[in-house]
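Q: no sequence on this one, just coordinates:
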């Protein structure tokens, strides 16, 4: 299975099953489309006719290069994984990551919030007690088997509303590391309102990653992320984020400024660039996932506009590559050499098996997006997981169990996509959310093109340097 | 090669032998809370890299 596309002047061929990525010239691009199932003589004569300026020798040479790559299993590679995945999904799994909802309370009313604009459907605000949090840590350690690296994301609501408990739990986790030969990686996701020097200092010392929510331009952000009384928040958070990010960059610690784009900012590339222009280097802006009836939800007819925005963003990133205005966009990041193994790519995010979310009252759900859906409650921190049937269902999720993924070129990059999105839009965890898929495919195409373009730009700069020193 | 430039050396089929240790990060724990992005995670199995 191969995927071919042209973007920004680059002809790209992705060999899906091997993951090999090739940049080719125009005649070779067309030849690859025709190669399988057509006799060599026919392919050569077709391409000679289409490209009269090319010599026959050159075209034959390109044909031989294709054949060589096929022989090396880097082009037209058959699927070697289908049978293995069945055994892999039957494997015993351990829990290695936990999203800890330490506060079902929030000081903002974000319009796209999956917790009723931070009001939690009229329920009383809930904060996780240290006791429940401690049991959650014990649950994670007890179910982590031999896995050493364990991840805990302090999430909410807004976790800074329960900051003392966060600090106590970090101390508790650190205290367990030696005893059980574990290493905790802590993360927290914040809306920034309560950030202060004390929180930043603590996070700089203890948190491997910090995710700071911001949607981009002031007007876009303030429209969707106001205080409960409607007051704007952008000016409150931006100076804090700038300070925090600068500190983390100096310490070599990870961070992301992360936002959501909606139908109100279909020109979201401007938001990413606004964040880059504020000096942020690690940026993630994701499409909103919302019911179709929401006025801000993305619709199928928006896809071409959104794809164009990714193209605009990609071209701008290439322009900035190697300059002091350079930045990373999370959804264009792709690790071509050190990326995940095929098992990870087949099985995906691990929700409901390796990854769970725990609420302030100690209930366990398959992930943060399933929180509050009673049918998906797996158990609690006292009894552990009691719904093995749900776990088995999630364990069976992989790219082969989703019929719509089988022929998709992106399947080893998104691993079949988000089960929660699939459930929210189709009622099943093994289906797909089509708008999300279209955007994911576009992001992968852009990410690969950026790799090709930046490699070319780097090579040109290196050659210029060499000329200077020669 | 003159007509084809291959951008990566890594082949997914080779990871069948070493893969599956599970030490890598969970995608939704980084900067991705509403879409599943696995392809940009790093392999953390020192035996494979």
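A: Received, thanks. Treat the numbers as computed from the prediction; the structure is a model and nothing was measured.

Q: contacts, neighbours, all on C-alpha from now
A: Fine.

Q: for residue A:256, name its beta-bridge partners.
A: residue A:211 (DSSP bridges).

Q: list the contacts of it.
A: Residues near residue A:256 by C-alpha atoms under 8 Å, 6 or more residues apart in numbering or on different chains: A:209, A:210, A:211, A:212, A:282, A:283, A:284, B:31.

Q: so what's the nearest residue to the fourth one once chain neighbours are set aside up against?
A: Leaving out its chain neighbours, the residue that sits closest to residue A:212 by C-alpha to C-alpha, 6 or more residues apart in numbering or on different chains is residue A:257, at 4.7 Å. Applying C-alpha under 8 Å, 6+ apart to residue A:257 gives the contacts A:211, A:212, A:213, A:214, A:280, A:282, A:283, A:284.

Q: show me where the stretch 301-450 of chain A has its strands.
A: For the stretch 301-450 of chain A, the strands defined by DSSP state E, counting those that start in this stretch cover A:328-329, A:355-358, A:363-365, A:379-380, A:384-385.

Q: just chain B next, same as before
A: B:4-6 (DSSP state E).

Q: please report how far residue A:229 lies from residue A:158.
A: Distance, residue A:229 to residue A:158, using C-alpha to C-alpha, to the nearest Å: 17 Å.

Q: neighbour-wise, which of those two wins?
A: residue A:158 (26 against 9; other C-alpha atoms under 10 Å in any protein chain shown).

Q: the more buried one is in contact with residue A:109, isn't it?
A: No: using C-alpha atoms under 8 Å, residue A:158 is not in contact with residue A:109; the gap is 11.2 Å.

Q: any stretches of the chain with poor pLDDT?
A: This is for chain A. Within chain A, the ranges that satisfy pLDDT under 70 run A:85-89, A:116-122.

Q: the chain in question should be chain B.
A: The model of chain B has pLDDT under 70 over residues B:27, B:29-40, B:46, B:48-49.

Q: kindly recompute the last result at 80.
A: B:18-20, B:22, B:26-42, B:46-49 (pLDDT under 80).

Q: can you give me the helices in the stretch 151-300 of chain A?
A: A:163-180, A:197-206, A:218-224, A:234-251, A:269-277 (DSSP state H, counting those that start in this stretch).

Q: just put those in a markdown table and tack on distance to residue A:126.
A: Listed next are these as a markdown table, based on distance: least, C-alpha to C-alpha, whole Å:
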| stretch | distance to residue A:126 |
| --- | --- |
| helix A:163-180 | 13 |
| helix A:197-206 | 21 |
| helix A:218-224 | 23 |
| helix A:234-251 | 24 |
| helix A:269-277 | 32 |
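
Q: of the ones you listed, which is nearest residue A:16?
A: With distances scored as C-alpha to C-alpha, the stretch of the helices of the stretch 151-300 of chain A nearest to residue A:16 is helix A:269-277 (28.2 Å).

Q: buried ones in the closest one, by neighbour count?
A: Within helix A:269-277, the residues scored as buried using 16 or more other C-alpha atoms under 10 Å in any protein chain shown are A:269, A:270, A:271, A:272, A:273, A:274, A:275, A:276.

Q: and stretch A:222-237, by the same measure?
A: A:222, A:223, A:224, A:225, A:226, A:227, A:232, A:233, A:234, A:237.

Q: measure the closest residue to residue A:336 other than its chain neighbours to residue A:261 for me?
A: Excluding the flanking residues, the one nearest residue A:336 by C-alpha to C-alpha, 6+ apart is residue B:8, at 6.0 Å. From residue B:8 across to residue A:261, the span is 32 Å (C-alpha to C-alpha).

Q: returning to what we had before: mean neighbour count and distance to residue A:463 added to the strands of the stretch 301-450 of chain A, as TSV?
A: Below are the strands of the stretch 301-450 of chain A laid out as TSV (neighbours: other C-alpha atoms under 10 Å in any protein chain shown; distance: least, C-alpha to C-alpha, whole Å):
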stretch	mean neighbour count	distance to residue A:463
strand A:328-329	18	25
strand A:355-358	26	46
strand A:363-365	27	54
strand A:379-380	18	60
strand A:384-385	17	59
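
Q: of all these, which one is nearest chain B?
A: Chain B sits nearest to strand A:355-358 of all those, at 7.3 Å, using C-alpha to the nearest C-alpha.

Q: quick one: distance of the closest one to the chain centre.
A: Distance of strand A:355-358 from its chain centroid, counting by C-alpha atoms, centre = their mean, to the nearest Å, is 17 Å.

Q: just to revisit the earlier point, more crowded one of residue B:8 and residue A:261?
A: For the pair residue B:8 and residue A:261, the greater number of neighbours falls to residue A:261 (26 against 14), based on other C-alpha under 10 Å.

Q: enumerate every residue touching that one.
A: So residue A:261 contacts A:215, A:268, A:285, A:286, A:287, A:288 (C-alpha under 8 Å, 6+ apart).

Q: circling back: so the residue nearest to residue A:336 sits right up against residue A:23, yeah?
A: No: using C-alpha under 8 Å as the test, residue B:8 is too far from residue A:23 to be in contact (10.4 Å).

Q: would JSON lines of the strands of the stretch 301-450 of chain A with distance to chain B be doable?
A: Below are these laid out as JSON lines (distance: least, C-alpha to the nearest C-alpha, whole Å):
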{"stretch": "strand A:328-329", "distance to chain B": "10"}
{"stretch": "strand A:355-358", "distance to chain B": "7"}
{"stretch": "strand A:363-365", "distance to chain B": "14"}
{"stretch": "strand A:379-380", "distance to chain B": "21"}
{"stretch": "strand A:384-385", "distance to chain B": "20"}
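
Q: need those in TSV (columns: distance to residue A:136).
A: TSV is the format used below for the strands of the stretch 301-450 of chain A (distance: least, C-alpha to C-alpha, whole Å):
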stretch	distance to residue A:136
strand A:328-329	33
strand A:355-358	7
strand A:363-365	9
strand A:379-380	9
strand A:384-385	9
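
Q: go through these and name the closest to residue A:93.
A: Of all the strands of the stretch 301-450 of chain A, strand A:355-358 comes closest under C-alpha to C-alpha, at 10.3 Å.
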